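In: how does the following fold in three dimensions:
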Amino acid sequence: MLTLINTNRMVPPIAPIGLEYVAEAVQDQGIEVEVLDLCLCEDPDATLAAYFPRRSPALVGLSFRNADDCFWPSAKWFVPALADLVQRLRGLTDAPIALGGVGFSAFAERTVDHTGADFGVHGDGEGAAVALYRQLHGRQAFETVDGLLWRRDGQLVANQPAWPEQVSLPTRRRAVDNATYFTKGGQCGFETKRGCNRRCLYCADPLSKGTCVRLRPPAEVADEVESLLAQGIDVLHTCDAEFNLPRSHALAVCEEFTRRALGEKVRWYTYLAVTPFDAELAGTMRRAGCVGINFTGDSASAAMLETYRQPHRAADLENAVRLCRQHGIKVMIDLMLGGPGETPETVATTIDFIKRIDPDCAGASLGIRIYPGTGMVDVVSSEGPLESNPALRRKYAGPFDFFQPTFYISRHLGSNPARLVKELMAGDERFFEPMEEQPDAAATDHNYNDNTELADAIRAGARGAYWDILHRLRRA
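Out: You can find the predicted model right below:
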């Protein structure tokens, strides 16, 4: 038997979609599987203590969704709690322990080493979990399992990541209590593809999901949405990278939704790149049930967009907002402020432009989380010794270690960059402001982790993307 454990306890709760795909895939291969969801239990320690005396799994898999909250100045790091959980399990079961999930895959080798887990799966877990389970009961030829991290003679071995060219996922969605997640979390997720072939300066998606876009059959995606709808879940959010990359696949998925009249039954939100986006795509998405789009806008400064390696320009942002307005789609723009070369002038350019084009809301993330393997590492390396770089922010001691939450905020923004940004926003309620570093500063940001205002609204019946719920609360 395989026991899969959801380790994520962020509030509002997010259903563990990757764990559920793995559970269904393992079950399809005739392997008994049970899910232990620590997010939905009041006392995780008591749940674990009660479970293992009654079960003897051959393998325990831990799903690790977030390595940290990716937010400055909170900079909450979740890896130590994962290490504590691994040690806790050592006292409850003799079964080998394997780690997986997107948060794990961004730091695969470091996380296995830090936690002392027996195995890890870098990339897609559906096939790897089945292969690992069978090798544990067979020849133990672990080198044949794509994505597997394992130990040979005390040394950690990392097989090639599990990024199969074809992505076909189970559609039943019955392994997790999605109805409860919908009640407590306000939305449930689905994937239309995996991987990203863009090279944005800061993004970890290609590290976790691969550098090639791998598409699911549109009919399979629609089958999955129908399965969730049958469970009473009618508000969804895509969990892949930007939905419109490629545009042809986005159109095909929407056309399948429309053919099945799903657009009349479900509301869904998605992430989009600013380009490509045109009237045909906007209209097709709206007919398919899309009600909200979160664009990866980053900036309205041409210089900063060039730095971030974004192909769009400010005019494209304006066009995206206009098209959303024309087609009745709510629009959020995510901004990335404080990157290399950011100045008060470039921040002002961005904020003034966003005010003019008038999206429903805009999230102002201040500070870039530095991920090993991204272009940000090259930038900070070119700026001289890390210890004397005034742009680096962290909350841990000792040598700089990008495994732990480490952020970059341009030195040109001064000693209190959040105050500067908030002054430029001038109280405009369309913006989710950055958080100031003072412990008594009022929180008006969009850090969803442990956001009690958001959780209370969902408990009272609010449904939708978290940015949309927070926006509605401000307008109430």
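
In: excluding sequence neighbours, find me the nearest residue to Ala15.
Out: Tyr181 (3.9 Å; C-beta to C-beta, 6 or more residues apart in numbering). All C-beta atoms are positioned from the backbone trio N, CA, C, and that covers glycine.

In: next: Arg286.
Out: His327 (4.5 Å).

In: what ranges of the stretch 251-400 of the chain fall below the confidence cut-off?
Out: In the predicted model, the stretch 251-400 of the chain carries no residue with pLDDT under 70.

In: all helices for it, in order.
Out: 279-287, 302-307, 314-326, 344-357, 375-382 (DSSP state H, counting those that start in this stretch).

In: so which of those gets nearest Arg199?
Out: Closest approach to Arg199 among the helices of the stretch 251-400 of the chain (C-beta to C-beta): helix 375-382, 7.2 Å.

In: off-centre distance for that closest one?
Out: Here helix 375-382 shows a centroid-to-chain-centroid distance of 23 Å under the convention C-alpha atoms, centre = their mean, to the nearest Å.

In: CA atoms of it as CSV?
Out: What follows is helix 375-382, C-alpha atoms only, in CSV (Å, rounded to 0.1, in the frame of the first residue of the first chain):
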residue,chain,number,x,y,z
GLY,A,375,18.8,34.5,-14.3
MET,A,376,18.6,36.3,-11.0
VAL,A,377,21.5,34.3,-9.7
ASP,A,378,23.6,35.6,-12.6
VAL,A,379,22.5,39.2,-11.9
VAL,A,380,23.5,39.1,-8.2
SER,A,381,26.7,37.3,-9.0
SER,A,382,27.7,40.1,-11.4
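
In: and the contacts of that helix?
Out: Helix 375-382 has contacts (C-beta atoms under 8 Å, 6 or more residues apart in numbering) with 199-202, 309, 340, 368, 370-371, 386, 389, 391-392, 402, 408.

In: what's the closest of those to Val26?
Out: Of the contacts of helix 375-382, the one sitting nearest to Val26 (C-beta to C-beta) turns out to be Tyr371, at 29.4 Å.

In: separation between the closest one and Val377?
Out: Distance, Tyr371 to Val377, by C-beta to C-beta, to the nearest Å: 8 Å.

In: overlap of the contact sets of the two?
Out: Phe402.

In: who has more neighbours, these two?
Out: Tyr371 (23 against 13; other C-beta atoms under 10 Å).

In: look up how far His312 lies from the nearest residue to that one once chain neighbours are set aside.
Out: What sits nearest to Tyr371 in space, not counting adjacent residues and going by C-beta to C-beta, 6+ apart, is Ala204, at 4.3 Å. Per C-beta to C-beta, Ala204 is found 20 Å from His312.

In: any idea of the mean pLDDT in the one helix or strand Asp223 maps to?
Out: Secondary-structure assignment from DSSP states H and E places Asp223 in helix 218-230. Mean pLDDT, helix 218-230: 98.

In: who's in contact with the residue lying closest to Gly147 once chain neighbours are set aside?
Out: Distances taken as C-beta to C-beta, 6+ apart put Ala162 closest to Gly147, at 2.8 Å, once the chain neighbours are dropped. By C-beta under 8 Å, 6+ apart, the contact set of Ala162 is 121-125, 127-128, 146-148.

In: which one of the residues you listed is nearest Val33?
Out: Using C-beta to C-beta, the contacts of Ala162 come closest to Val33 at Gly125, 12.1 Å.

In: do you know how far the closest one is from Ala81?
Out: Counting by C-beta to C-beta, the gap from Gly125 to Ala81 is 21 Å.

In: likewise for Cys203?
Out: 25 Å.

In: more neighbours, those two?
Out: Cys203 (22 against 14).

In: okay but that one is in contact with Arg369, surely?
Out: No - with contacts counted by C-beta atoms under 8 Å, Cys203 stays clear of Arg369, the gap being 10.0 Å.
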